[in-house]
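> sequence first, then the predicted structure:
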Amino acid sequence: SGLSLSVGLLAVVGIVAACVGDAGKVANASDAVYGKFPVTEKSYSGSKTNSVSYTGQIARHVLHDSLKKLAGKGNGKPNPGLKAQMLSYFKTKDKGRAIVAPKTKGPFVVSQTGVDQISKGKNLSGKTYKGTISGMPNNMTGGELLEFWIDKASSANKGVDAANGYNYPQLISKFIMGAVFYNQVVDNYLDEKLSAETKPNDKPYKKGAAYTGKEHSWDEGFGYFGTPAHTLKLTARQIYEIAKQGSKSKKPSDALGFADYNKDGKVDLYKEMVFAPAYYAAGFDAGSYGKSNMTDYLHTITRNFLDGRKLIANAKGKKLSDAQRSQLRKHAAVIGSNWEKTLAEATHKYAGSVYSDMTKLKTILEAKGDTSKVLKNYIKHWGELKGFSLALQTGKNNLGETATKMNRLIGFGPLMPNLSQVTDIDSKGNYVRDQGQSWGEYMLHMVKLQRLLVGKFGIKAQNKKITGDIADLAKQLGSGKSAEND
């Protein structure tokens, strides 16, 4: 019994250590879970005792993961069947859609196999950013751009257009992380829906619901972050390992142990799984992507969601006062700024990867060697860079000059080894290529992009940082003329 007591104490110490926040706040084991909150809605007469609900958001994470997987299934020829299947996961609300990803992997057993087991009648397109995407040609909206990429992906070989340099699973996935998940939270649920008039706390969110307007709006925001309800009991590394389903764990079964909070031997996608936004936040915090400065994006965002939800629950179904809403807006601002930083960190990371790939390609090309493997990585990393840079532009604040600079530095497509680059899309949807700048000049663009992101967003992890003085790098890369240009 002495041994079990020691183990128990160690577990509690571990939990508390994982929950120490940036302000030194310790979350007790009992209140560290975004879990059961009482029903406070006065007119509710049903049998539910828990007012928390964000199943629709988790269903959309599953639709996104499944769509990303399908985007890599093409065989290089037009494939109307695959395109229709991809649109089923993006646009329609079809019944009976199977979960393509995440699925059971070894000991990491996933509870649900169908999207409807989480939530019925959901799609991604209805929640996609409606603004114009200036970082790609033709002034498409977020939804139009994703449908354009879905069409291209369906006829690309394993989702990759090697001639123009597009990896569609990466472009589609990284952009959805902004255009749906980030945008819905910072520009809707934690923005308009926090006003006094919209979704008030003294009325049900919709007729007959067991939750108030404010309770459900806040829960939906939490759902889009895609982190387990018990995140504050875990370290950032453990969250990262759950997302990887054991492939990055010492023992593959470790990840199941971290995820399976109710100890039923399976992972409930609704409450126990990690999805894209939380995965990237955890990766930066844990230093999982290489050398990293200390950040606390994951726990800061999760803690502010939990503290905001407690504030709403404590109102006991009454209209929130101006002071309460002001406090909620403070939590929302912390969530928004940290989420924005994770997208900027990811853009920074992939700018560094693109630079590194270009350095390798330069060496191989000069030696007249085989570029195929490195070129494949370059196209993948560029897709991640472009997707994240566009995602960063879907928040509630217009990034203005910063967005223009980012879009110009990255371009509409990567600079290919023959020095061609996509510069437009014609009226039939075909890419138009032209001679781009020099190889060294485009490499220098990646340096400038990283400096811009650090300067504008104050990011701290700074993975894959390109070091050196910009004027010296310009000389080395043979692009002195562009050293001063933005």
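Right, received. Where do you want to start?

> switch to C-alpha atoms for all contacts and neighbour counts from now on
OK.

> Phe284 - how many residues pack around it?
Residues near Phe284, counting by other CA atoms under 10 Å, number 30.

> go on, Ile133?
Ile133 is flanked by 20 other residues according to other CA under 10 Å.

> tell me who's in contact with it.
If a contact means CA atoms under 8 Å, 6 or more residues apart in numbering, then Ile133 has Asn139, Met140, Thr141, Gly142, Leu145, Leu390 as its contacts.

> most neighbours out of these, which is it?
Leu390 (27 neighbours).

> could you find the closest non-adjacent residue to it?
Closest residue to Leu390 apart from its sequence neighbours, by CA to CA, 6 or more residues apart in numbering: Phe175 at 6.2 Å.

> what do you get for Leu190?
Using CA to CA, 6+ apart and skipping the chain neighbours, the partner closest in space to Leu190 is Ala332 (5.8 Å).

> one step back: any idea which element the residue nearest to Leu390 lies in?
Applying DSSP states H and E as the criterion places Phe175 in helix 168-176.

> quick check: next helix or strand after that helix?
helix 183-184.

> now Val432. Its backbone dihedrals?
phi -110, psi 120 (degrees, to the nearest 10).

> quick check, pLDDT for the most centrally placed residue in the chain.
A centroid search over the chain (CA atoms, centre = their mean) returns Pro277, at 3.2 Å, as the residue closest to the centre. On the pLDDT scale, Pro277 is placed at 98.

> what's the answer for Ala29, then?
At Ala29, pLDDT is 37.

> I'd assumed Thr198 was in contact with Leu320.
No. The pair Leu320 / Thr198 is not scored as a contact, 11.6 Å apart, by CA atoms under 8 Å.

> which of the two has more neighbours?
Using other CA under 10 Å, the more surrounded residue of Leu320 and Thr198 is Leu320, with 22 against 13.

> neighbours of Ser43, how many?
Neighbours around Ser43, by other CA under 10 Å: 16.

> over to Val374?
The burial count for Val374: 16, using other CA under 10 Å.

> okay, and it sits in which element?
Applying DSSP H and E as the criterion places Val374 in helix 372-391.

> show residues contacting stretch 371-381.
Residues contacting stretch 371-381 (CA under 8 Å, 6+ apart): 162, 165-167, 170, 350, 353-354, 357-358, 360-361, 364-365, 414.

> 6 Å instead?
Here stretch 371-381 makes contact (CA atoms under 6 Å, 6 or more residues apart in numbering) with Gly165, Asn167, Tyr350, Val354, Asp357.

> check the chain for its longest helix and report it.
helix 322-366 (DSSP state H).

> chain center to that one: distance?
10 Å (CA atoms, centre = their mean, to the nearest Å).

> could you pull up the mean pLDDT of that helix?
Helix 322-366 comes out at a mean pLDDT of 97.

> what about the residue nearest to Leu390, how many neighbours?
Phe175 has 28 nearby residues by other CA under 10 Å.

> quick one, grab the pLDDT at Phe222.
pLDDT for Phe222: 98.

> that one belongs to a strand, doesn't it?
No. Under the criterion used here (DSSP: H, G, I helix; E, B strand; the rest coil), Phe222 is helix, not part of a strand.
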